[in-house]
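*Asks:* Using only what follows, build the 3D model:
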Amino acid sequence: MPIRAIDRARYPANWKAIRADGLTRAQNRCDGSPRYPDCRAANRQPHPVTGSRVILTIGHLDHTPEHCEFGNLRAWCQRCNLAYDEQHHAQTAYMTRRAHRAIADLFAEA
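*Replies:* Numbers count the residues shown, from 1 in each chain. Below you'll find the predicted structure:
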């Protein structure tokens with residue numbers, strides 16, 4: 001997944017090298033997620049299940065961009081990355097909606 005502009009400063013200056021090392025370590029194949037442990041989709045090839053072109057990303061198991069030790073990183077296809085991040089995305093969306101409601105309530109009171 002692309003790095004959001006707001007998070008870019010959280011990644012180390014050598015992130016491109018870390019990413020390249022991660023892809024090499026994974027032999028340019030998806031490491032799989034708990035939901036799809038045997039994925040192994042090949043980078044830049046059609047995904048064996050979805051048929052879409054695979055662009056491997058390097059994901060953080062703890063969702064913390066500053067934590068770039070190899071034990072915390074996985075090479076994932078889009079399908080495995082989204083599956084792994086599903087709960088985290090739901091929590092983030094909930095917090096965003098909650099914050100927006102709080103701001104709307106503040107303006108409604110004014």
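*Asks:* what helices or strands is the top helix by length along the chain leaning on?
*Replies:* Secondary structure of the chain read by DSSP state H shows that its longest helix is helix 78-109. In terms of contacts (3 or more C-beta pairs under 8 Å, 6 or more residues apart in numbering; DSSP states H and E), helix 78-109 is packed against strand 57-60. Backbone N, C-alpha and C define where each C-beta goes, glycine included.
*Asks:* Let me know the next secondary structure element after the strand it packs on.
*Replies:* Once the chain leaves strand 57-60, the next helix or strand it forms, by DSSP states H and E, is strand 73-76.
*Asks:* Each with direction, which strands does that following strand pair with?
*Replies:* When pairing is defined by DSSP bridges, strand 73-76 lines up against strand 57-60 (antiparallel).
*Asks:* Check the offset of the helix or strand bottoming out on mean pLDDT in the chain from the chain's centre.
*Replies:* Least confident helix or strand of the chain, by mean pLDDT, DSSP states H and E, is helix 78-109 with a mean of 82. Helix 78-109 sits 16 Å away from the centroid of its parent chain (C-alpha atoms, centre = their mean, to the nearest Å).
*Asks:* Any buried residues in it, and which?
*Replies:* Within helix 78-109, the residues scored as buried using 16 or more other C-beta atoms under 10 Å are 78-81, 83-85.
*Asks:* Quickly name whichever of those is closest to residue 4.
*Replies:* residue 85 (13.2 Å; C-beta to C-beta).
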